[in-house]
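Asker: build me a model from this:
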Amino acid sequence: MSGSFVAIRSETGCVAGSRRRAWLHAAICIDSRLVGATLPPGKFSQKNQEQGRERRETRHRVLSGAGLSSALAPFRIRNYRFQWPSDLLTSWAFEVETLVLGWYIMVETGSVLLLTVLASLQYVGTLIAPVVGMIGDRLGHRDLLAAMRFAYTVLSGTIMTLALSGHLAPFNVMVIVTLMGLIRPSDLGVRGALLADIMPPERLVGAISLARTTQDSARIAGALTGASLFAALGIGYVYVAIACFYFTAAILMLCMTRPVQSHGAGHAADVAHGASLLRDLKEGIVYAWSGPGMRAALCVAFLANLTAFPLTNGLLPYVARDIFHTDQTGLGYLSASFAVGSLIGSITLSMAGGVRIARLLIGATLAWYAMLLVFVELRTMPVAMACLVLAGTAQSMSMISAAVMLMRNASAHLRGRVMGVRMMVIYGLPLGLLAAGSLIDMIGYTATGTLLAAAGFIAMLGIALRWRADLWPVHAPANAR
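Answerer: Numbers count the residues shown, from 1 in each chain. Below you'll find the model as predicted:
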């Protein structure tokens with residue numbers, strides 16, 4: 001044995017360059033029995049342990065690097081490097097604006113009903129979201145988003161001017177919020193359709209999860225700074241920053257190159273013959289309701305907006321002031337807790353691989369409602385914040401799963417309309433907010449919260465049972481990895 005080992009070493013001394021390295025590598029990689037015969041038993045055992053430890057450490061480094069690389073893979077797409085910061089600034093402006101206006105109405109009027117009305121007005125455009133999506137399919141999602149964000153700049157600049165001049169009043173706020181509410185609900189759907197246009201299908205889950213971090217981090221930043229800045233600087237100066245955010249987001253959107261529009265043959269023929277807008281709209285709505293996976297995702301989205309989001313969205317200023325007896329800083333902590341959990345869920349999904357999306361949709365939504373049932377019973381801020389972190393994590397995984405199911409199944413030339421229908425179901429939120437505001441006056445906060453969360457939990461079980469053959473089996477299309 002040792003003779004063969006020496007022969008190899010002597011032969012490698014006669015070759016040069018790459019052949020010498022190749023022979024040396026071959027000598028090192030000889031079967032372990034050969035090596036064992038040339039080494040004393042103690043040294044062989046020690047060397048084996050060292051090599052095993054090195055292999056484990058190398059494998060750990062490779063896997064960790066692969067997870068990080070997978071999470072950041074969408075940023076290799078140039079357009080994504082512009083869309084992500086544009087969406088981030090828009091989401092930050094949305095969150096700061098929502099908190100500032102909610103606190104302004106609560107302080108100026110003291111009415112929880114007007115607070116829920118304000119929150120509901122932000123979603124009046126959900127009913128026309130399919131129309132906005134259809135316009136995006138025709139004109140291009142990038143151009144539509146840029147125009148929308150320039151419109152936000154103008155409207156926020158109006159509030160800024162009124163506030164700095166001392167002419168701002170609750171009625172002015174309601175009117176401007178109504179105008180913004182006509183287009184703002186479609187922003188999320190159009191950005192999702194644009195994301196599907198620029199992103200390869202195999203990176204869609206990671207890209208949507210990373211895109212969700214723009215909203216989650218915005219909720220954290222808005223929660224921790226929005227109400228506090230309002231108290232320190234006043235609403236006028238806060239709106240200076242909000243208008244700048246919107247304007248910068250619009251400019252970043254224009255820096256993107258226009259994605260190639262993909263159209264089906266039937267769609268092209270319709271355009272050639274001048275198909276009516278109404279026909280195109282009907283086509284998108286019917287298509288969005290065509291498959292069991294898409295129907296289930298839309299039903300879950302409507303249910304969540306009707307029964308879950310009111311408790312952690314529009315009603316949070318009331319919960320902070322009247323339930324936990326805290327100020328705008330406490331409101332920021334509560335809102336940030338939910339956002340931190342949502343960010344955790346988004347980052348986790350962006351790094352995870354091989355997730356069964358439909359199963360995750362069911363489990364995460366049920367866990368979300370379970371956390372809300374606990375939250376409405378709590379009266380201690382630290383415990384409530386911890387509960388909101390868990391609820392936010394489940395919420396993020398639920399809503400990302402629904403979006404992925406819709407985007408995977410939607411044809412390229414109908415994505416805007418499909419996401420428009422997805423945004424239309426957000427209309428459940430103003431309905432839930434108005435119902436919750438009235439019920440709180442009649443039966444109290446705890447009973448109202450329990451009723452909404454319990455109803456949502458039971459309805460989610462019904463959705464899972466109704467489409468169990470399409471959502472639960474491992475080999476179902478909705479669970480494709």
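
Asker: how about the strands in the stretch 251-400 of the chain?
Answerer: Here the stretch 251-400 of the chain has no strands by DSSP state E, counting those that start in this stretch.

Asker: can you give me the helices in it?
Answerer: Secondary structure of the stretch 251-400 of the chain (DSSP state H, counting those that start in this stretch): helices at 265-272, 277-288, 292-307, 309-312, 316-318, 328-351, 357-375, 381-409.

Asker: wait, which of those is closest to N172?
Answerer: Nearest of the helices of the stretch 251-400 of the chain to N172, taken as C-beta to C-beta: helix 316-318 at 19.3 Å. Any C-beta I mention is one placed from the backbone N, CA and C, and that applies to glycine too.

Asker: mean confidence score for the closest one?
Answerer: Averaged over helix 316-318, pLDDT sits at 85.

Asker: which residues touch it?
Answerer: L99, G102, W103, M106, V112, L115, L331, L334, S335, I440, Y445 (C-beta atoms under 8 Å, 6 or more residues apart in numbering).

Asker: quick one: buried residues of it?
Answerer: L316, P317, Y318 (16 or more other C-beta atoms under 10 Å).

Asker: give me the domain ranges for this structure.
Answerer: 2-62, 80-258+277-479 (automatic domain parsing).

Asker: any chance of those domains in CSV, with distance to A73 too?
Answerer: Listed next are the domains of the chain as CSV, based on distance: least, C-beta to C-beta, whole Å:
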stretch, distance to A73
domain 2-62, 16
domain 80-258+277-479, 6
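
Asker: would you mind finding the most buried of those?
Answerer: Most buried of the domains of the chain by mean neighbour count (mean count of other C-beta atoms under 10 Å) is domain 80-258+277-479; its value is a mean of 20.

Asker: how far does that one stretch from start to finish?
Answerer: End-to-end distance for domain 80-258+277-479, by C-alpha to C-alpha, to the nearest Å: 26 Å.

Asker: tell me who's in contact with the residue most central in space within the chain.
Answerer: Centroid check for the chain by C-alpha atoms, centre = their mean gives R212 as the closest residue, at 2.4 Å. By C-beta under 8 Å, 6+ apart, R212 lies in contact with S342, S346, S396, M399, I400.

Asker: so which of those residues sits lowest on pLDDT?
Answerer: Among those, S346 has the lowest pLDDT, at 86.

Asker: any idea how far A469 lies from L298?
Answerer: A469 sits 18 Å away from L298, going by C-beta to C-beta, to the nearest Å.

Asker: return stretch 93-107 as CSV; C-alpha atoms alone will do.
Answerer: The C-alpha trace of stretch 93-107 is given here as CSV (Å, rounded to 0.1, in the frame of the first residue of the first chain):
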residue,chain,number,x,y,z
ALA,A,93,-46.3,57.7,2.6
PHE,A,94,-49.5,55.6,2.8
GLU,A,95,-48.9,54.5,6.4
VAL,A,96,-47.8,57.8,7.7
GLU,A,97,-50.7,59.5,6.1
THR,A,98,-53.2,57.0,7.4
LEU,A,99,-52.0,57.3,11.0
VAL,A,100,-51.7,61.1,10.9
LEU,A,101,-55.2,61.6,9.4
GLY,A,102,-56.8,59.0,11.7
TRP,A,103,-55.3,60.7,14.8
TYR,A,104,-56.3,64.2,13.4
ILE,A,105,-59.9,63.1,13.0
MET,A,106,-60.0,61.4,16.4
VAL,A,107,-58.5,64.5,18.2
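
Asker: helix, strand or coil for the nearest residue to A163 once chain neighbours are set aside?
Answerer: Once flanking residues are discounted, A163 sits nearest to G236: 3.5 Å by C-beta to C-beta, 6 or more residues apart in numbering. Classification of G236 by DSSP: H, G, I helix; E, B strand; the rest coil places it in helix.

Asker: I'd guessed G236 sits against T158; true?
Answerer: No: look at G236 against T158 with C-beta atoms under 8 Å: they stay out of range, at 11.8 Å.

Asker: picking up where we left off before, distance to A454, pLDDT and secondary structure for the contacts of helix 316-318 - can I get that in a markdown table?
Answerer: Below are those laid out as a markdown table (distance: C-beta to C-beta, whole Å; pLDDT from 0 to 100; DSSP: H, G, I helix; E, B strand; the rest coil):
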| residue | distance to A454 | pLDDT | secondary structure |
| --- | --- | --- | --- |
| L99 | 28 | 80 | helix |
| G102 | 26 | 83 | helix |
| W103 | 30 | 80 | helix |
| M106 | 27 | 82 | helix |
| V112 | 22 | 78 | helix |
| L115 | 24 | 83 | helix |
| L331 | 26 | 82 | helix |
| L334 | 22 | 90 | helix |
| S335 | 24 | 84 | helix |
| I440 | 16 | 91 | helix |
| Y445 | 15 | 93 | helix |
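
Asker: as a markdown table, these with distance to R417 would be great.
Answerer: Listed next are the contacts of helix 316-318 as a markdown table, based on distance: C-beta to C-beta, whole Å:
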| residue | distance to R417 |
| --- | --- |
| L99 | 32 |
| G102 | 31 |
| W103 | 36 |
| M106 | 37 |
| V112 | 36 |
| L115 | 33 |
| L331 | 37 |
| L334 | 36 |
| S335 | 32 |
| I440 | 36 |
| Y445 | 39 |
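
Asker: for Y427, find the nearest of the helices of the stretch 251-400 of the chain.
Answerer: For the helices of the stretch 251-400 of the chain, the distance to Y427 is smallest for helix 292-307, at 7.5 Å, taking C-beta to C-beta.

Asker: quick one: the nearest residue to C387 once chain neighbours are set aside from I251, how far?
Answerer: Take C387 and drop its neighbours on the chain: the residue closest to it by C-beta to C-beta, 6+ apart is F375, 4.7 Å away. In this view, F375 and I251 are 40 Å apart by C-beta to C-beta.
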